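[1] the sequence and its predicted three-dimensional model are supplied below.
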Amino acid sequence: MRLWFFLRFDTPIFDEMAKEWEEAATKRVRAEFGDNPLIKCHIKHSRIVDQGLTKNANRLKPYFAVTVIVLIAFTSFYSLKWHIRRKNGQLKGNHCAKHGNAHGNVSRDHPERAIL
């Protein structure tokens, strides 16, 4: 059987009260059931588990913020329409459309440039 009690420890007064309550509960369980050979008592305080979870969450907060910022930056960068010009001033896309591109679209003037 497992009993879980999650006590508050956000202020020093609540933390002290939680410690006292957990110690009293530990003493009570051990006094009642400690001598029974059919029952094994493994007492773990929820405050310790909760503090560990809080510590891990606080440790991961900066990584989460950086992940969101990088995701927004890359999404913004790749959503822009880039117009890259060649040395002669033509847009790269116009040249591909005129002479054929990787999709096999070829103009009637240059059928030999078909990519198969």
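    Good, I have the coordinates. Please read all numbers here as calculations on a predicted model, not as lab measurements. Numbers count the residues shown, from 1 in each chain.
[2] output the contacting helices and strands for the biggest helix by length in the chain.
    If you go by DSSP state H, the chain has its longest helix at helix 46-79. Packing partners of helix 46-79 (3 or more C-beta pairs under 8 Å, 6 or more residues apart in numbering; DSSP states H and E): helix 12-33. The way it works is simple: take the backbone N, C-alpha and C, and place the C-beta from them, glycine included.
[3] so which elements touch the helix it packs on?
    helix 46-79.
[4] quick one: the helix it packs on to helix 12-33, angle?
    For helix 46-79 against helix 12-33, the angle by axes from the mean of the first three to the mean of the last three C-alpha atoms, to 10 degrees is 130 degrees.
[5] where in the protein is pLDDT low?
    1-6, 47, 83, 85-87, 89-116 (pLDDT under 70).
[6] try it again with 90
    Along the chain, the parts satisfying pLDDT under 90 run over 1-12, 14-23, 25-26, 28-66, 76-116.
[7] domains for it, by residue range?
    Using automatic domain parsing, the domain parsing of the chain gives 1-80, 82-116.
[8] I'd say residue 8 and residue 21 touch.
    No - applying C-beta atoms under 8 Å as the test, residue 8 and residue 21 come out as separate, 10.7 Å apart.
[9] ok, how many other residues are close to residue 32?
    11 (other C-beta atoms under 10 Å).
[10] over to the residue lying closest to residue 33 once chain neighbours are set aside. Which of the three states is it?
    In this structure, residue 33 finds its nearest non-sequential neighbour in residue 39, 4.9 Å apart by C-beta to C-beta, 6 or more residues apart in numbering. With DSSP: H, G, I helix; E, B strand; the rest coil as the basis, residue 39 sits in coil.
[11] offset the numbering so it begins at 21, please.
    With the count now opening at 21, the last piece we talked about shows up as residue 59.
[12] I figured residue 59 hits residue 52, correct?
    No - between residue 59 and residue 52 there is no contact under C-beta under 8 Å: 9.4 Å.
[13] on that earlier part again, backbone phi and psi for the residue nearest to residue 53, please?
    Residue 59 adopts backbone torsions of phi -120, psi 130, taken as degrees, to the nearest 10.
[14] what about residue 102, which SS state?
    Assigned by three-state DSSP, the conformation of residue 102 is coil.
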